[in-house]
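*Asks:* Dropping a prediction and its sequence here:
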Protein chains: 2
Amino acid sequence: MIAPTTKDLAEVAGVSLATVDRVLNNRPNVSSKTRTKVQKAIEEIGFVRNLAAVNLLRNRPYKFQFMLPQNGDQYLDELIHAVDEAKNALKIDMTVVETIRQDMRDPHVIANYLGLIEASDIDGIAIMAPESPPVRDAIVRLQERGVHVVQFLSGQENFEEFDFVGVNNYAAGATAGRIVGRFVGDTPGTIMVIADTMQSLDSIERRHGFDEIINSKFSSLKPLPSLETYGNTERAQKIIKNQLDHNADVLAVYVISSEARLAVESIQQYLDLKKIVLVVHERTPFSVAALKSEEVDAIIAQNPGHAVRSALRILRARSEERKPNTAQESVRIEVLFCENL
Amino acid sequence: MIAPTTKDLAEVAGVSLATVDRVLNNRPNVSSKTRTKVQKAIEEIGFVRNLAAVNLLRNRPYKFQFMLPQNGDQYLDELIHAVDEAKNALKIDMTVVETIRQDMRDPHVIANYLGLIEASDIDGIAIMAPESPPVRDAIVRLQERGVHVVQFLSGQENFEEFDFVGVNNYAAGATAGRIVGRFVGDTPGTIMVIADTMQSLDSIERRHGFDEIINSKFSSLKPLPSLETYGNTERAQKIIKNQLDHNADVLAVYVISSEARLAVESIQQYLDLKKIVLVVHERTPFSVAALKSEEVDAIIAQNPGHAVRSALRILRARSEERKPNTAQESVRIEVLFCENL
DNA sequence: TAATTTCTGAGGTTCGTACCTCAAATTCCT
DNA sequence: AGGAATTTGAGGTACGAACCTCAGAAATTA
């Protein structure tokens, strides 16, 4: 029942400890015959490296970074807080985490920063940056230099080849659609959709998922064209008012962006939030308060703490040349009402 | 930046390594003056045991048990599956997990089994057993014998003093109430509530939470008295039919138990599931299929994989004399629609 | 066959902590 | 002050894997 060691492995394989070591650590000068012999023995006795021993010998903490946006509102604060919590929890775990803030508006700045990172600086990085070709290339090169990368919450397209932590935004939008549809009931009317910007992949995917459900399941409802606030209150109010002037029958509002405050505070000027169905994304002090006061009807959220830990587990696994546990690492689309906060 | 070792600690405290060892491992024959000196040094330099070294030296896997019910349906299968998955994931982690099945109907059998466990047998156990005084006592004594215990999903009352993994059932019931209320809309009518048994604390708490929300927020709806199936199909059908005969205006059904199949299949005989609002607990193949076919409108779930990992992390932390990370270990009340499965 | 290259084995050291023994120093008690 | 009890120090071993060196065996080439 006791775990086999390299010594047992050597014995079973009929080779010396030195050879076992050469095979396990991919050192040169091993005949392919010997190599297979050892590998067969590994299978046979179910040998697994003793991580404690490896880490002890390593005697250097794993160093990971989180690259977060420079600008944001409450959801960004939540993320930063989640990273800080992880820092404390990982003190015992030979892991050092630091947060880097980047202006995400210019992909070249991001790509440039990534281009300067060497494997000797950090073991891995979790990147929350909008999709863009320069960033994508920088990530690929970064990985080639031996730095492990996790796409964090906001991903590059086609992330099969990268590790990704975050929700399926299409499904998140669809979930929002389901809730809006069911909560509104049978009354025909329109739905306002507000985003920070529709440039980002996240917003686009959420919008697609939302429309798909509304159109297929709740055809008495009509989603209006997306409004983009660009983080500007005046603009937000103007375009909202404009859309309302042309659509008197708005029954629901779906706020697509992760930061809901600006949008919600803007529509509040023109609509009675208690009379319409309002679905937003992400749990923040603002959205929670609005949910409790029943102005917001549901929050679609991805748990930042979970996401951060998940990213760290993946980076850790990659650094130790293990496969991440995929079952554990998928971030759930949470639906929050005021009862299950 | 490099982590301080016991050697550094000894130096700062102005004592020998042997004394540091005596303090760290609570050995006798240390003057209180010396003890405080060392403890102050620990604070000062922020010393933390190097877990890798401890585990290496320990050279024995942590052994944990999950005590699950003997009888159950699909949710039990999910739990067992989750434990099995954890087994594989933890091979690398010096952790051995085994599953024990117990007939949960007789508390004395459970208490008796727990009474035979010694700290030399296992390091910790996650117990999923209904509330009862003999079990409660057995757990207390088990802990006194040095075996770490986690209440798993189903807890003894007043679990402040015990570690508990699972959702707040009052809140889970309230969430179900919220969904039922919002999905039904304004039509007045009654709600059928079906449980396996109302003997268990879980069911009672869920029912309370459910009633609280329905009565306070959706007063046009009237929850009917709980029906108890006792896991018997014939009985279920009989009592359901009986209640329907006296209440023609059933608009919704809330299935309280973790195993929804029996109840849902029974009401299906008498009601068109697509016409009523149906909320059930726990994600199982059955409930997922029913959700997809839109017979079930929402699933309130606690993720078994998450719960299992959480229980194991707590047991591990306790075994290593660490504080569990409470933020991470709370199990969320998940709300599942067919879009966010 | 001899010279050369490639492979394998034996043995040592290191990481940080736990646990051990034994001697020496300090305190306590009469 | 003397003896006993308590407290402290010095030093060792062990855990499992990574990495090192060096000698010698085996295979390959000339």
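*Replies:* Thanks, I have it.

*Asks:* Next up, the contacts around A:A126.
*Replies:* A:64-67, A:149-152, A:165, A:308, A:311-312, A:315 (Cβ atoms under 8 Å, 6 or more residues apart in numbering or on different chains). Quick note: C-beta positions are derived from backbone N, CA and C, even for glycine.

*Asks:* For A:E157, give me the pLDDT.
*Replies:* A:E157 is assigned 69 on the pLDDT scale.

*Asks:* residues from chain A in reach of DNA strand C?
*Replies:* Taking Cβ under 7 Å from any atom of the strand as the contact definition, chain A meets DNA strand C at A:14-19, A:21-22, A:28-31, A:33-34, A:53, A:56-57, A:59.

*Asks:* now the residues you listed: which count as buried?
*Replies:* Buried subset of these (neighbour count, 16 or more other Cβ atoms under 10 Å in any protein chain shown): A:V15, A:T19, A:R22, A:V30, A:T34, A:A53, A:L56.

*Asks:* In three-state terms, label the first one for me.
*Replies:* Here A:V15 takes the coil state, with states given by DSSP: H, G, I helix; E, B strand; the rest coil.

*Asks:* Is it correct that it is in contact with A:T34?
*Replies:* Yes - here A:V15 reaches A:T34: they are 6.2 Å apart, a contact under Cβ atoms under 8 Å.

*Asks:* for chain A, where's the lowest mean pLDDT among helices and strands?
*Replies:* One helix or strand of chain A scores below all others by mean pLDDT, DSSP states H and E: helix A:326-329, with a mean of 78.

*Asks:* Buried ones in the next helix or strand after that one, by neighbour count?
*Replies:* Using DSSP states H and E, the helix or strand that follows helix A:326-329 towards the C-terminus is strand A:334-336. By neighbour count with 16+ other Cβ under 10 Å, strand A:334-336 contains the buried residues A:E334, A:V335, A:L336.

*Asks:* Closest one to chain B out of those, please.
*Replies:* A:V335 (3.9 Å; Cβ to the nearest Cβ).

*Asks:* What is the end-to-end distance of stretch A:125-140?
*Replies:* 13 Å (Cα to Cα, to the nearest Å).

*Asks:* those helices in the stretch 1-150 of chain A, which residues are they?
*Replies:* A:6-13, A:17-24, A:32-45, A:51-58, A:74-89, A:107-116, A:133-144 (DSSP state H, counting those that start in this stretch).

*Asks:* So which of these is nearest B:L79?
*Replies:* Proximity to B:L79 (Cβ to Cβ) singles out helix A:74-89 among those, at 26.4 Å.

*Asks:* in the closest one, what counts as buried?
*Replies:* So for helix A:74-89, counting by 16+ other Cβ under 10 Å, buried means A:Q74, A:Y75, A:L76, A:E78, A:L79, A:I80, A:A82, A:V83, A:E85, A:A86, A:K87, A:A89.

*Asks:* got those as JSON lines, with distance to A:M198 columns?
*Replies:* Formatted as JSON lines, those follow (distance: Cβ to Cβ, whole Å):
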{"residue": "A:Q74", "distance to A:M198": "21"}
{"residue": "A:Y75", "distance to A:M198": "18"}
{"residue": "A:L76", "distance to A:M198": "20"}
{"residue": "A:E78", "distance to A:M198": "23"}
{"residue": "A:L79", "distance to A:M198": "22"}
{"residue": "A:I80", "distance to A:M198": "26"}
{"residue": "A:A82", "distance to A:M198": "27"}
{"residue": "A:V83", "distance to A:M198": "28"}
{"residue": "A:E85", "distance to A:M198": "32"}
{"residue": "A:A86", "distance to A:M198": "32"}
{"residue": "A:K87", "distance to A:M198": "34"}
{"residue": "A:A89", "distance to A:M198": "37"}
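
*Asks:* Can you tell me what sits against the least confident helix or strand of chain A?
*Replies:* Contacts of helix A:326-329 (Cβ under 8 Å, 6+ apart): A:V165, A:S310, A:R313, A:I314, B:E85, B:A89, B:G305, B:H306, B:R309.

*Asks:* Can you say which two of those residues are spatially most distant?
*Replies:* Farthest pair in the contacts of helix A:326-329, by Cβ to Cβ: A:V165 and B:E85, 19.2 Å.

*Asks:* Can you classify A:Q151 as helix, strand or coil?
*Replies:* A:Q151 - assigned by three-state DSSP - is strand.

*Asks:* Burial check on the spatially closest residue to it that is not a sequence neighbour, number of neighbours?
*Replies:* Counting by Cβ to Cβ, 6 or more residues apart in numbering or on different chains, A:Q151 lies nearest to A:F164, which is 4.3 Å off, once chain neighbours are set aside. Per other Cβ atoms under 10 Å in any protein chain shown, the neighbour tally for A:F164 reads 21.

*Asks:* A:S266 now?
*Replies:* Neighbours around A:S266, by other Cβ under 10 Å: 24.

*Asks:* for the residue with the largest distance to the centre of chain A, what are its contacts?
*Replies:* Relative to the mean C-alpha coordinate of chain A, counting by Cα atoms, centre = their mean, the farthest residue is A:G14 (46.7 Å). Shown in contact with A:G14 (Cβ under 8 Å, 6+ apart): A:K37.

*Asks:* That one and A:A41, how far apart?
*Replies:* Distance of A:G14 to A:A41, given as Cβ to Cβ, to the nearest Å: 8 Å.

*Asks:* Let me know the secondary structure of the residue nearest to A:Q151.
*Replies:* strand.

*Asks:* Now do it against DNA strand D, distance only.
*Replies:* 28 Å (Cβ to the nearest atom of the strand, to the nearest Å).

*Asks:* Check A:D106 too.
*Replies:* 39 Å.

*Asks:* try A:T19
*Replies:* In terms of Cβ to the nearest atom of the strand, A:T19 sits 10 Å off from DNA strand D.

*Asks:* State the pLDDT value of that residue.
*Replies:* For A:T19, pLDDT reads 95.

*Asks:* which residues touch it?
*Replies:* Applying Cβ under 8 Å, 6+ apart, the residues near A:T19 are A:A10, A:A13, A:V30, A:T34, A:V38.

*Asks:* any chance of the residues you listed in a markdown table, with pLDDT and distance to B:P133 too?
*Replies:* Formatted as a markdown table, the contacts of A:T19 follow (pLDDT from 0 to 100; distance: Cβ to Cβ, whole Å):
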| residue | pLDDT | distance to B:P133 |
| --- | --- | --- |
| A:A10 | 93 | 55 |
| A:A13 | 92 | 56 |
| A:V30 | 90 | 64 |
| A:T34 | 92 | 63 |
| A:V38 | 93 | 57 |
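
*Asks:* of all those, which two lie farthest apart?
*Replies:* Using Cβ to Cβ for every pair in the contacts of A:T19, the one that comes out farthest apart is A:A10 and A:V30, at 13.3 Å.

*Asks:* pLDDT averaged over stretch A:71-91, what's the number?
*Replies:* 91.

*Asks:* Residues of the stretch 151-300 of chain A that sit close to chain B?
*Replies:* Neighbours of chain B within the stretch 151-300 of chain A, by Cβ under 8 Å from any Cβ of the partner chain: A:171-172, A:174-175, A:177-179, A:182-183, A:185-186, A:209, A:213, A:297.

*Asks:* Just the ones of those residues in helices?
*Replies:* When DSSP state H is applied, these are split such that A:A171, A:A172, A:A174, A:T175, A:G177, A:R178, A:I179, A:R182, A:F183, A:G209, A:I213 fall in helices.
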